[in-house]
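Q: For reference, the sequence and a predicted model appear below.
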Amino acid sequence: MTRKIRKVAVLGAGVMGAQIACHFANIGIEVLLLDMPAKELNEKEQKAGLSSDHPIVRNRIVNDLFLKATKLKPAPLYLKAYASRITTGNFEDDLHKIAECDWIIEVIIENLKIKQELYTKIEEHRKPDSLITTNTSGIPIQMLIQGRSEDFVAHFCGTHFFNPPRYLKLLEIIPSPKTNQEVLDFLTDFGERFLGKSVVSCKDTPAFIANRVGVYSMMSVFHLIDEFGFSVEEIDKLTGPIIGRPKSATFRTCDVVGLDTLVFVAQNLQKALQDDEAKDVFQIPEFIQHMMGNQWLGSKTGQGFYKKIKTEGKSEILSLNLDSFEYQEKQRVKFGEFEAAKAVPHLNDRFKVLLKGNSKVNQFYQKLFFGLFAYVSNRMPEITDDLYKIDEAICSGFAWEMGPFEIWESLGVKKTLGMMEAMGYKAANWVYNMVQEDLSFYQLKDGLKQYYDVNSNAHQTIPGTENLVLLNNIRSSKTIWSNEGASIIDLGDGIINLEFHTKMNTIGSEIIQGINKAIELAESDYQALVISNEGENFSAGANIGLVFMLAIEQEFEELDMVVRTFQNTMLKLKYASVPVIAAPHGMTLGGGCELCMHTDKVIAHAETYMGLVELGVGVIPAGGGTKEFAYRLSKEIAQDDIRTNRFRDKFLSIGQAKVSMSAYEAFDLGYLRKDVDEVIISKKHQLSYAKKAALLMLEKGYTPPLPTKDITVLGSEGLALVYSGADGMEVGNFISEYDKHLSVELGKVLSGGELSEPAQVSEKYLLDLERIAFVRLCQQKKTMERMQSLLQKGKILRN
């Protein structure tokens, strides 16, 4: 019988429990969220005359925790409406309802005795064959199953989610020796396809994989501070995006997570790891002890390594001086070594620059990474038998772009071993055996990534990737055309993929050339085109720097030609003789959003943040975005419909530069089309599914759309709404005078110009209006000021 998950119980509504419940609601599953009952009435309940056994009283704790979770930023729900899929209750009155649940997830306090007491109660009510998992991050699974029934144990394991569970992709699964293999296989598949996770199977060892390695790395940084004397700002500069780690780097991450949380994990590891050769790294340094004593724990206490203050109505962030323990103005940090590193576009090549040399920065990186390499190699087979799991866990759980073994490989395994030995770092023996066989940690073979398997002394394909299409695995062997900004890759079966690789995948002349070349190749030698990439974002939009330069130099005829070329390229996408599929993810803004709106179908990753944000830089969408909104509005308008309501919705999406906080919200904002476009939860499966969608369109018999000449626009009816709304917003000081001017320019295009009544117009007519308005706005001083602010400060100016 095929296992189905229709209802899930989440036991514990704290920070993690409530967010885990939200993520199951995100994927359409009904959730029962339980926590402790309230025993006494609060003042509000007393005034309302409620009794202590009233459900409002009994469920106050769980309801307050759930409400708090729904208000978190970033939001745990794809759409606020999904909260309706979650029912709350308490352990005493509602635990029997878990009998209806297919999966029970325990997320209560990290206390063995309390967990075991709850498990006894779960046994009384759960239905046979239901899954039971724990989100424990530290208690051994073997200890948790003591005294449990055979069926309970067979269906029990650890499922360690990372916070925030919607956004961090790691899900560690920790079985006991008695967990059914069918349960593990199901959870792995469900976790990846439905929850969108990178699922890593772990051994039942302290802190499992990600926290063991991630906390080791952070503690290593702490201990290197005394030796190198770097400041808080310098450490965060050194351990941030320059080495492929989040902007929060080391100390900002500590402030967000909570210093007490990090210290708790480190202390537990030091106690538990008696045979770990590097256990002293988990010892808490004096400056951390000082901060703990002062309760400087980070965001939760208002100060940690950083402190936010307000002076004269303005917010300012101070940093902690680790010598004086006083807060001071943040210092601008500049390392000469970074200039050379920034010139290297690919991260795997950047490490060679950063670790080469004898400067203070070079030596810091050498000690940080050589220690890490030695540590992870010596953790095998203790925490895992498979090296790829360490890389996948640390990348998915700590948001590193490259894992330890991937970084080591980029530096050259054999060469780095020699450097490590010279500095006193000893790698595990299996690494020497691998090098002796002239093998490496990874290799690509037939479009599949393979890892070195220690037990067989040979390369094996990473399990679960056999049927996936991943650009990183085929780029080197299947690229058929490329320039500096784009590449065309053969996906097989007559499908090609266009990949962007400019900074933030902004669209400039190279990408426009790539789009045109991809259409040409797809129509002549292939059967369909997919547009996707594996960067952090699909596209941050058009190259504003180019627009600004042309406007400053008053090259308005050339600017007009640039916009016209973009528009014509979008029309080529829309009316290509082959299926065109877009597969966006992350930021999909401005021109990137317009591109998607001109394809036959969009397969959007759930974490796609779409928006036409051009008004923020003082222009309107002119790559066909405004035209496409007018076209979609025309299709929605029915006879006797209240047309102005639909017009208002479309206008506000662009006029307020609304960005969807998920792909699902993009439907509500009009960027995605209901009954046409789709959402996929798993980023890993996105390109494979997009390719299948293209093949399905071909199988059905693809017919390209006809050019549109009958778009109904509202004319003065729509413009009147724009004028009245903009006037009211300006009078109420919600928008500036120039915002109003921009709104009117947008309204004129969306309404089809200053027409006396509704009329039907062509796409070309609307594109001309778009382009003329765009170029006209680029001649305005305030538009130039907005563009300059974004380019120089990275901030939107409201002038």
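A: Received the coordinates, thanks. This is a predicted model, so every value here is computed, not measured. Residues are numbered from 1 along each chain as shown.
Q: neighbours around the closest residue to residue 622 other than its chain neighbours, how many?
A: Residue nearest to residue 622 in three dimensions, not counting chain neighbours: residue 774, with 3.6 Å by C-beta to C-beta, 6 or more residues apart in numbering. From N, CA and C alone the C-beta is placed, and that goes for glycine too. Neighbours of residue 774 under the rule other C-beta atoms under 10 Å: 26.
Q: My read is that residue 774 contacts residue 624, right?
A: No: Residue 774 is beyond contact range of residue 624, at 11.4 Å (criterion: C-beta atoms under 8 Å).
Q: list residues touching both of those two?
A: Counting by C-beta atoms under 8 Å, 6 or more residues apart in numbering, residue 774 and residue 624 have no common neighbour.
Q: The helix or strand harbouring residue 307: which residues count as buried?
A: Taking DSSP states H and E as the definition, one finds residue 307 inside strand 306-311. Buried residues in strand 306-311, defined by neighbour count with 16 or more other C-beta atoms under 10 Å: 306-307.
Q: what comes into contact with it?
A: Residues lying outside strand 306-311 but in contact with it, judged by C-beta under 8 Å, 6+ apart, are 232, 251-252, 255, 302, 315-320, 327, 330.
Q: Do a quick rundown of the helices in the stretch 251-400 of the chain.
A: Counting by DSSP state H, counting those that start in this stretch, the stretch 251-400 of the chain has helices at residues 251-257, 259-272, 286-293, 336-342, 347-355, 360-378, 387-398.
Q: Kindly report the same for the stretch 501-650 of the chain.
A: Here the stretch 501-650 of the chain has its helices, by DSSP H, counting those that start in this stretch, at 509-524, 544-552, 556-574, 591-597, 625-636, 643-655.
Q: Of all these, which one is nearest residue 260?
A: Set against residue 260 and scored by C-beta to C-beta, the helices of the stretch 501-650 of the chain come closest in helix 591-597, at 40.7 Å.
Q: got the contact list for the closest one?
A: With contacts defined as C-beta under 8 Å, 6+ apart, helix 591-597 is touched by 505-507, 515, 531, 538-542, 566, 570, 573, 582, 584, 588, 602, 604, 610-612, 621, 623-625, 628, 671-672.
Q: do that again at 7 Å, thanks
A: Residues outside helix 591-597 that contact it (C-beta atoms under 7 Å, 6 or more residues apart in numbering) are 507, 531, 538-542, 566, 570, 573, 582, 584, 588, 602, 610-612, 621, 623-625, 628, 671.
Q: And for stretch 228-235?
A: Taking C-beta under 7 Å, 6+ apart as the rule, stretch 228-235 contacts 221, 225, 238, 250-251, 305, 319-320, 322, 330-331, 333, 360, 364.
Q: How far does that stretch sit from its chain's centre?
A: Computed by C-alpha atoms, centre = their mean, to the nearest Å, the chain-centroid distance of stretch 228-235 equals 28 Å.
Q: which parts of it are buried?
A: Under 16+ other C-beta under 10 Å, the buried positions of stretch 228-235 are 228, 230-235.
Q: coming back round to it: could you identify which of the helices of the stretch 501-650 of the chain is most buried?
A: Of those, the one with the most neighbours on average (mean count of other C-beta atoms under 10 Å) is helix 591-597, at a mean of 29.
Q: Restrict it to CA atoms and write it as PDB.
A: In PDB, the C-alpha atoms belonging to helix 591-597 read as follows (Å, rounded to 0.1, in the frame of the first residue of the first chain):
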ATOM      1  CA  GLY A 591      13.100  42.700 -16.900                       C
ATOM      2  CA  GLY A 592      13.400  39.200 -15.400                       C
ATOM      3  CA  CYS A 593       9.700  39.200 -14.500                       C
ATOM      4  CA  GLU A 594       8.800  40.600 -17.900                       C
ATOM      5  CA  LEU A 595      10.800  37.800 -19.600                       C
ATOM      6  CA  CYS A 596       8.800  35.200 -17.600                       C
ATOM      7  CA  MET A 597       5.500  36.900 -18.600                       C
END
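Q: can you give me the mean pLDDT across it?
A: Computed over helix 591-597, the mean pLDDT rounds to 98.
Q: and this structure, what are its domains?
A: Using automatic domain parsing, the domains assigned to the chain come out as 7-201, 207-304, 338-464, 472-706.
Q: what's the span of stretch 485-497 from first residue to last?
A: 14 Å (C-alpha to C-alpha, to the nearest Å).
Q: That stretch: which residues count as buried?
A: 485-491, 495-497.
Q: Return the closest of those with respect to residue 797.
A: Using C-beta to C-beta, the buried residues of stretch 485-497 come closest to residue 797 at residue 485, 27.6 Å.
Q: Give me the nearest residue to that closest one, chain neighbours excluded.
A: Per C-beta to C-beta, 6+ apart, closest to residue 485 is residue 510, 2.7 Å.
Q: on that earlier part again, winner for burial among the domains of the chain?
A: Of these, domain 472-706 is the most buried (mean count of other C-beta under 10 Å), at a mean of 20.
Q: Next up, the contacts around residue 671.
A: Per C-beta under 7 Å, 6+ apart, neighbours of residue 671: 593, 597, 610, 660.
Q: what pLDDT does the residue most central in space within the chain get?
A: Central residue of the chain (C-alpha atoms, centre = their mean): residue 167, 5.4 Å from the mean position. pLDDT for residue 167: 96.
Q: helix, strand or coil for it?
A: Here residue 167 is coil, with the state taken from DSSP: H, G, I helix; E, B strand; the rest coil.
Q: do the one 4 residues further on as well
A: Assigned state for residue 171: strand (three-state reduction, three-state DSSP).
Q: I figured it was touching residue 158, is that so?
A: No: with contacts counted by C-beta atoms under 7 Å, residue 171 stays clear of residue 158, the gap being 10.1 Å.
Q: ok so, going back, please render the contacts of strand 306-311 as JSON lines that adds distance to residue 276 to the earlier fields.
A: Below are the contacts of strand 306-311 laid out as JSON lines (distance: C-beta to C-beta, whole Å):
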{"residue": "232", "distance to residue 276": "28"}
{"residue": "251", "distance to residue 276": "25"}
{"residue": "252", "distance to residue 276": "28"}
{"residue": "255", "distance to residue 276": "27"}
{"residue": "302", "distance to residue 276": "35"}
{"residue": "315", "distance to residue 276": "42"}
{"residue": "316", "distance to residue 276": "42"}
{"residue": "317", "distance to residue 276": "36"}
{"residue": "318", "distance to residue 276": "37"}
{"residue": "319", "distance to residue 276": "32"}
{"residue": "320", "distance to residue 276": "30"}
{"residue": "327", "distance to residue 276": "35"}
{"residue": "330", "distance to residue 276": "36"}
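Q: Just the contacts of helix 591-597: which are in strands?
A: 531, 582, 588, 602, 610-611 (DSSP state E).
Q: export the residues you listed to TSV and tack on pLDDT and distance to residue 555?
A: Shown next, in TSV, are the ones in strands among the contacts of helix 591-597 (pLDDT from 0 to 100; distance: C-beta to C-beta, whole Å):
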residue	pLDDT	distance to residue 555
531	99	29
582	99	31
588	98	29
602	99	34
610	98	31
611	98	28
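Q: List the residue ranges of the stretch 1-150 of the chain that fall below the pLDDT cut-off.
A: The stretch 1-150 of the chain contains residues with pLDDT under 70 at 1.
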